[in-house]
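Colleague: need coordinates for the below:
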Amino acid sequence: MIVAGHQPNYLPWLGFFDKMRKADVFIIEDVVQFEHQGFTNRNRVLTVDGVRWLTVPIMHANKPLLIKDVKIANKGQPSWRRRHWLTIKHGYCKAPYWHEYSDFFEQTYNKKWDRLIDLNMHLITGIMAFLKINKPLFLSSELKAKGKKTELIVAQCKEVGANVQLAGNGCRDYIDKSLFTKAGIKLIFQDFVQPIYLQNVSGFVPNLSVIDYLFFNGSKSW
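Modeller: This is a model prediction of the structure:
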C-alpha cells in the first residue's frame, strides 16, 4: 500500500493531486505549524492582467499555530471572499470549461468560513471529485501517530498499514531515509511533470492553482 501526504493547501496546484492520484491513501497534514507566506492560505491564478495571488486573510496569534487551529480574519477583511470569486470569474469566465465547475466555486465563496482547514478541505474534496480521484483521506489530527518530521511520517505509515511512502521531490534533501529503511518501508519520490496546456495568454505559465488546469483543460488525465 502506498501512502502520501501533504499540508492542506489553498486551491492546490496540480502536483498536489498528482501525488494523491498515485497513492492508495492520502494524509492531510493538519498538525504541522502554519507557515506564513506559504501555500496553506494562498495560491496563484491567471488573470487578463497576468498572474495574481489569492490570499485568505488569517487571524494572527502571539504564538505559532497548527494548521488545524488557524482561523480566518473575516472581520478584518470582510470582502475577501467576494474578491477571490470575482478574480476567478474575471480570469476564467471565457475558459472552455468555465460552466462545468464555476457553480461549485461560486457557492464556496458565498459561504462564510471560520476555519482555514474547513475551507481548504471543502475545496480539496470538491476538486478531487472533478478530477475523478477517489482515495481515502485521513487528517493527521485524527491519527494516533506521534513524532516530529520523518519520525511522524514513519509512524503514520505504520498506523495506516502502508509499506511504501510516496514523498514529494522537495523533501529529498531533509527527509531521513534511514528511518524508513529501519521500519521496512520503501521510500519513493514523486516524478510529477507539469503538463503544458492551452491558456488564454501567449506562452505558458506553469505551477498555478489547479483551477487553471480545470477551467482550461477539464478533467482530462495529465
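Colleague: so where do the strands sit in this protein?
Modeller: 2-6, 25-28, 42-47, 50-55, 137-139, 164-167, 186-189 (DSSP state E).
Colleague: any idea how far residue 87 is from residue 45?
Modeller: Going from residue 87 to residue 45 by Cβ to Cβ, to the nearest Å gives 7 Å. In this view, the C-beta of every residue, glycine as well, is placed from N, C-alpha and C.
Colleague: need the residues touching each of these two.
Modeller: 52, 54 (Cβ atoms under 8 Å, 6 or more residues apart in numbering).
Colleague: what is the neighbour count of residue 47?
Modeller: Applying other Cβ atoms under 10 Å, we find 14 residues neighbouring residue 47.
Colleague: wait, residue 136
Modeller: 11.
Colleague: quick one: residues contacting it.
Modeller: By Cβ under 8 Å, 6+ apart, the neighbours of residue 136 are 24, 25, 26.
Colleague: the first one: how many residues sit nearby?
Modeller: What that stands for is residue 24. Residue 24 has 15 nearby residues by other Cβ under 10 Å.
Colleague: so what's it up against?
Modeller: 1, 2, 3, 135, 136, 162.
Colleague: can I have the buried ones of those residues as a PyMOL selection?
Modeller: Restricted to buried positions by 16 or more other Cβ atoms under 10 Å, the PyMOL selection for these reads:
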select buried, resi 2+3+162
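Colleague: so which of the contacts of residue 24 comes closest to residue 203?
Modeller: Taking Cβ to Cβ as the measure, residue 203 sits nearest to residue 135 out of the contacts of residue 24, at 33.4 Å.
Colleague: tell me the spacing between the closest residue to that closest one other than its chain neighbours and residue 218.
Modeller: Nearest non-adjacent residue to residue 135, counting by Cβ to Cβ, 6 or more residues apart in numbering: residue 26, 5.3 Å away. From residue 26 across to residue 218, the span is 22 Å (Cβ to Cβ).
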